[in-house]
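S.K.: sequence unavailable; structure follows:
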C-alpha cells in the first residue's frame with residue numbers, strides 16, 4: 001500500500017466507514033462461537049470489531065510489520081504472517097473465513113482466484129466464506145496511485161467463487177461497496 005492508503009486505513013474516518021460497512025458485510029454470517037479466519041487484517045481495525053463477535057479469531061496478514069504490530073497489540077488473536085493465496089493452515093480448520101476491503105490489493109484476478117480456492121480449502125464442510133470490497137470511485141482511485149488496485153467485478157464474482165469450489169453464492173452491491181458470501185459444500 002502507498003503511504004496515503006496506509007494512513008487512511010488507520011484513521012478515524014476509516015473506522016467510521018467500517019462501523020457502517022462491517023455490520024452490512026457480516027449480516028447473517030454465523031460468527032457467534034465460530035472459529036473465524038480473517039484474511040488481510042492490516043492494522044487490525046476490522047480485527048478489533050470481529051474479536052468480540054466470534055469464538056476464536058485468527059488473523060492472516062501479508063505485511064510483516066502489520067502482522068507483528070497486531071500480534072503485540074492483540075494477544076487474544078492468533079496472528080499469522082503469510083500470503084492468503086498460500087495459507088500455511090490445515091484443511092477444514094475454520095467455520096468462517098472473512099476478508100474486508102482487501103481483495104483489490106492482490107495483483108491479479110488469478111491471485112484473487114487462488115485466495116478463493118484457499119479459503120474453500122481451510123473451511124469446514126458447510127463453512128462460510130464472506131467479505132466485502134470497494135467499488136471504483138474517484139477518491140478510491142486517487143488513494144491507489146502507485147498502488148495495487150485489482151477491482152472485483154460483482155457481475156463475475158459468483159462464477160469465480162463457484163469455480164473455486166464454493167456454492168450458495170450471494171453477491172450484493174451498494175454504491176461504494178460490494179459484499180459476498182458462499183459456502184464450502
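M.R.: Received it, and whenever you're ready, just let me know what you need. Small disclaimer: the values here were computed from a predicted structure and weren't measured.

S.K.: my guess is residue 98 contacts residue 34. True?
M.R.: No: look at residue 98 against residue 34 with CB atoms under 8 Å: they stay out of range, at 10.0 Å. Every residue, glycine included, has its C-beta placed from N, CA and C.

S.K.: tell me what the top strand by length along the chain is packed against?
M.R.: Ordering each strand of the chain by length in residues (DSSP state E) puts strand 123-134 first. Helices and strands touching strand 123-134, by 3 or more CB pairs under 8 Å, 6 or more residues apart in numbering; DSSP states H and E, are helix 12-26, strand 94-100, helix 109-122, strand 177-183.

S.K.: got the angle for the third one vs strand 123-134?
M.R.: Between the axis of helix 109-122 and that of strand 123-134 there is an angle of 140 degrees, by axes from the mean of the first three to the mean of the last three CA atoms, to 10 degrees.

S.K.: by contact count, what packs against helix 109-122?
M.R.: Using 3+ CB pairs under 8 Å, 6+ apart, helix 109-122 sits against strand 35-39, strand 94-100, strand 123-134, helix 157-163.

S.K.: okay if I get the ones you listed as a markdown table plus mean neighbour count and mean pLDDT?
M.R.: Output for the helices and strands packed on helix 109-122, formatted as a markdown table (neighbours: other CB atoms under 10 Å; pLDDT from 0 to 100):
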| stretch | mean neighbour count | mean pLDDT |
| --- | --- | --- |
| strand 35-39 | 25 | 98 |
| strand 94-100 | 26 | 97 |
| strand 123-134 | 21 | 95 |
| helix 157-163 | 16 | 97 |
